[in-house]
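Undergrad: Sequence below, structure please.
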Amino acid sequence: MAKNLAKKVVAKMFDNDPFTKWLGIDVIKIEPGFCILKMKVRKEMLNGFGIAHGGITFSLADSALAFASNSHGRMAVSVETSISHTEKLYEGDEITATTEEMSLSNKIGVYHISIKNQRDEIVALFKGTVYRSGKEWFGELGDGVK
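TA: Residues are numbered from 1 along each chain as shown. A predicted model of the protein is given here:
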């Protein structure tokens with residue numbers, strides 16, 4: 001039941017998220033408090049040094065944070081995030097973000113997200129804290145909150 005709710009919430013979020021779609025993010029796995037996302041670095045994502053702009057890994061991790069923290073069925077928004085870039089990324093690199101739910105309370109969730117390249121090397125480490133509202137994604141009739 002909880003796994004189905006997580007998938008339903010993330011599907012609704014993804015359908016209404018043009019930026020995540022523009023990034024070319026694929027949802028690999030969704031479970032309550034957990035997700036794996038994957039994408040490929042494209043030429044238009046490079047900066048003046050010919051490497052991926054830092055905002056690319058940040059955005060992938062931010063989407064992972066959003067999906068994982070909302071997958072419990074309650075609406076959550078980030079209140080604090082940070083990232084450490086540990087390796088350069090180039091055009092054609094495939095990167096995967098994997099979440100880890102570190103703490104979950106009634107109002108606050110804390111997540112660590114590691115981003116790895118296609119060689120399984122860590123390229124960025126992200127930490128995000130979310131505020132969990134009292135609003136649920138789906139009511140008794142299964143309709144989404146507008």
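
Undergrad: Burial check on His72, number of neighbours?
TA: Other residues within reach of His72 by the criterion other C-beta atoms under 10 Å amount to 20. For every residue, glycine as well, the C-beta is placed using N, CA and C.

Undergrad: helix, strand or coil for it?
TA: Classification of His72 into helix, strand or coil gives coil, according to DSSP: H, G, I helix; E, B strand; the rest coil.

Undergrad: nearest residue to it other than its sequence neighbours?
TA: Sequence neighbours aside, Pro32 is the residue nearest to His72 in space, at 5.3 Å (criterion: C-beta to C-beta, 6 or more residues apart in numbering).

Undergrad: And His112, by the same measure?
TA: Glu100 (4.7 Å).

Undergrad: Identify the residue spatially nearest to Lys29, adjacent ones excluded.
TA: Closest residue to Lys29 in three dimensions, ignoring its sequence neighbours and counting by C-beta to C-beta, 6+ apart: Ile36, at 4.3 Å.

Undergrad: And the helix or strand containing the one you found, what does it pack against?
TA: Under the criterion DSSP states H and E, the helix or strand holding Ile36 is strand 34-40. For strand 34-40, the elements it packs on are strand 26-31, helix 54-70, strand 94-104, judged by 3 or more C-beta pairs under 8 Å, 6 or more residues apart in numbering; DSSP states H and E.

Undergrad: Grab the CA positions of stretch 110-122 and hand them over as PDB.
TA: What follows is the C-alpha trace of stretch 110-122 in PDB, where atoms were taken according to Å, rounded to 0.1, in the frame of the first residue of the first chain:
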ATOM      1  CA  VAL A 110      16.400  15.000   6.600                       C
ATOM      2  CA  TYR A 111      17.900  13.300   3.500                       C
ATOM      3  CA  HIS A 112      21.300  12.500   2.200                       C
ATOM      4  CA  ILE A 113      21.700  12.100  -1.600                       C
ATOM      5  CA  SER A 114      24.800  10.700  -3.300                       C
ATOM      6  CA  ILE A 115      25.300  11.200  -7.000                       C
ATOM      7  CA  LYS A 116      27.500   8.800  -8.900                       C
ATOM      8  CA  ASN A 117      28.700   8.700 -12.500                       C
ATOM      9  CA  GLN A 118      28.600   5.700 -14.800                       C
ATOM     10  CA  ARG A 119      31.900   4.400 -13.300                       C
ATOM     11  CA  ASP A 120      30.200   4.300  -9.800                       C
ATOM     12  CA  GLU A 121      32.400   7.200  -8.600                       C
ATOM     13  CA  ILE A 122      30.800   9.700  -6.200                       C
END
